[in-house]
Structure formats: structure tokens, C-alpha cells
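Student: Show me the folded form of this:
(2 chains)
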Amino acid sequence: GEDVEQSLFLSVREGDSSVINCTYTDSSSTYLYWYKQEPGAGLQLLTYIFSNMDMKQDQRLTVLLNKKDKHLSLRIADTQTGDSAIYFCAEIYETGGFKTIFGAGTRLFVKA
Amino acid sequence: GAVVSQHPSWVICKSGTSVKIECRSLDFQATTMFWYRQFPKQSLMLMATSNEGSKATYEQGVEKDKFLINHASLTLSTLTVTSAHPEDSSFYICSATGQGRPGELFFGEGSRLTVL
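Tutor: Now for the predicted structure:
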């Protein structure tokens, strides 16, 4: 079945870049989303990429998509302590309606 | 726009009682709402999908008599944990679709349930 995998934990120093990786199995996905969850809160859409794109940049965020390897990454430049959160990769594909498959989430810890 | 609100954000109850959690889309009509459960330091576990006016579709392993879901209007879905026990203590999150990009989900703030 469909599956999305992420590493579970990443620790970086403030000011460094963070790269969070995600792999997925379903090649028919239409969108790939990154959601951010701060402690004790719901998830918020951080950024997204269409499946026909290779890269998307949005201020400090860069999303890279390698469709051949079914690999997605999120790079956060100049990581700040406020970026500490859980980041979920989500694959969206159509099956009658839209179905979302979430990864397990990567916990990013930023050291001051 | 596209705000989803959950209430209450935190509830503590005694074992054996029932607890209702509300999920509202404040500024759009939610065609579909989802309920998740999240254990500490774990991912979201989809519990059920609900469409307005129809019965919820529960994921495998989720007891529908235990977790009652009602989606009476396009802006409100409720999750009732019946006869709650300490093992039901968890963080419950709802999300809704209805606008935005295909498949985009708008999440509530979450509700933390503690059963004593």
C-alpha cells in the first residue's frame, strides 16, 4: 500500500540549514505537502509542491522533488529556534476524492 | 481564511464519563472532516472520515461505538468519546477540506483529553 517515510529526529544549531527528507511510494501523487506542528497545536501547511515540479523556493524554505527516486526534501535556511517543531511530509493522490498519506513526522530541535 | 477551531482545547474527565469535542470550520464550508489521534511523540493516526449528512467512515481498528462522530452541518463535526477510560487519554485533532489546493487540509488546534 501507500507509504510515506521520514527520519524521526533532526538536531541543528541556530543559523545552520536543516534538511528534512521524505520518501513516498505512490507515483500517482498530485501534490506533496509539508505541514508544521508546534508543541500542543494542530498542523499548519508550511509549503507544497506540485508533482510536475522539481523545486520550489519560498523565502527560507526550499522544497526539492526527485520523482524518479520518489524523494522529497525540505530545506530550511538559517534555522531559528522558532523553527523547532515536528514537520510532516504528506502525499496527496486522487482516488475518487483526494487521499492524504502522512509520514511519521520529523522532530526538529534547534540549539541556540 | 480557512480557519478550523476545536473546543475544548483541554479536558480532564473521570473514567466512565463521555466527552464531546467539537470541530468547526469558521469561514468556509467543510465538505469533509477528519479526526485523528496523536500519542506523545508519534504521528497522526486517522480515526475516521466524515462527510456532512452521512455516517462517518472509520479506519480499521477504531471502535465506532466508542468514538461517535456526528457531522450535522457543513461547518461542524463532533467526536464523542463514550465511557472514557485512561487509555483513551490522547491528543485529538480534526481537519477539514473544502477549499484551497486539492487535498489541502486545515487543522484545528487539537484537544487534549486526560481521563483519570
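
Student: Below-threshold pLDDT in chain B: ranges please.
Tutor: B:1 (pLDDT under 70).

Student: Residues of chain B that sit close to chain A?
Tutor: Counting by CB under 8 Å from any CB of the partner chain, the residues of chain B close to chain A are B:4, B:6, B:32, B:41-44, B:91, B:93, B:95, B:97, B:101-110, B:112. All C-beta atoms are positioned from the backbone trio N, CA, C, and that covers glycine.

Student: 10 Å instead?
Tutor: Within chain B, the positions adjacent to chain A are B:2, B:4-6, B:9-10, B:31-32, B:34, B:36, B:38, B:41-46, B:49, B:51, B:91, B:93-95, B:97, B:100-112 by CB under 10 Å from any CB of the partner chain.

Student: Any figure for the gap between the spatially most distant residue from the centre of chain A and chain B?
Tutor: The centre of chain A is farthest from one residue, A:Gly96, which by CA atoms, centre = their mean lies 24.6 Å away. Relative to chain B, A:Gly96 is positioned 12 Å away (CB to the nearest CB, to the nearest Å).

Student: of the residues of chain B next to chain A, buried ones?
Tutor: Those of the residues of chain B next to chain A that meet the buried threshold are B:2, B:4, B:6, B:32, B:34, B:36, B:38, B:43-46, B:49, B:51, B:91, B:93-95, B:97, B:103-111, by 16 or more other CB atoms under 10 Å in any protein chain shown.

Student: any idea of the pLDDT on the residue farthest from the centre of chain A?
Tutor: As predicted, A:Gly96 sits at a pLDDT of 73.

Student: do A:Asp26 as well
Tutor: For A:Asp26, the predicted pLDDT is 77.

Student: For it, grab phi and psi.
Tutor: A:Asp26 adopts backbone torsions of phi -90, psi 120, taken as degrees, to the nearest 10.

Student: Same question for B:Glu87.
Tutor: Main-chain torsions, B:Glu87, degrees, to the nearest 10: phi -70, psi -10.

Student: That one and B:Leu116: what is the separation?
Tutor: 12 Å (CB to CB, to the nearest Å).

Student: and A:Gln6, how many neighbours does it have?
Tutor: Neighbours of A:Gln6 under the rule other CB atoms under 10 Å in any protein chain shown: 24.
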